[in-house]
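In: Return a 3D structure for these sequence lines:
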Amino acid sequence: MPEPTEEKLSYRLVTGPDTRDFCERIHNALAEGYVLHGSPAATFNGTDVIVAQAVVLPTAIASADAAVANAVDQLENYEDEEAFEGHA
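Out: The predicted structure follows:
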């Protein structure tokens, strides 16, 4: 019986020293269908440059965009404006 496959996380933050290994990890994530999300970050820990790059699955972006659009639609259709009195 085949082993069940683990569902991919929709968001991953890949971190580590700025080495070929780190770049290969990003390369592999892209090959698995992830896309880069935002700019990479880098810091120095006194010895090594440590880098971070967020990656997301495109379906996660689409789901988040749909959720935001739905929330905006609900706000636009909200009839009780007094509930928002004093809010920008």
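In: Please spell out which residues along the helix or strand where Gln74 lies are buried.
Out: Gln74 is located in helix 58-76, with elements delineated by DSSP states H and E. Within helix 58-76, the residues that count as buried by 16 or more other Cβ atoms under 10 Å are Ala60. C-beta here means a position set from N, CA and C on the backbone, and glycine is covered the same way.
In: gap between it and the chain center?
Out: Taking the mean of its C-alpha atoms, helix 58-76 sits 15 Å from the chain's own mean (Cα atoms, centre = their mean, to the nearest Å).
In: Now do it: which elements does it pack against?
Out: Using 3 or more Cβ pairs under 8 Å, 6 or more residues apart in numbering; DSSP states H and E as the contact definition, the elements that helix 58-76 packs against are strand 35-44.
In: Could I get the average pLDDT for the strand it packs on?
Out: Mean pLDDT, strand 35-44: 97.
In: now the helix holding Gln74 against strand 35-44, angle please.
Out: With axes from the mean of the first three to the mean of the last three Cα atoms, to 10 degrees applied, the angle from helix 58-76 to strand 35-44 works out at 100 degrees.
In: Show me what helix 58-76 is in contact with.
Out: 10-11, 33, 35, 37 (Cβ atoms under 8 Å, 6 or more residues apart in numbering).
In: give me that answer again for 6 Å
Out: Outside of helix 58-76, the residues within contact range by Cβ atoms under 6 Å, 6 or more residues apart in numbering are 10, 35.
In: swap in stretch 26-36?
Out: Applying Cβ under 6 Å, 6+ apart, the set of residues contacting stretch 26-36 from outside is 14, 53, 55, 57-58.
In: Now the buried members of these.
Out: 14, 53, 55, 57.
In: Is it correct that the second one falls within a strand?
Out: Yes: residue assignment for Gln53, taken from DSSP: H, G, I helix; E, B strand; the rest coil, places it within a strand.
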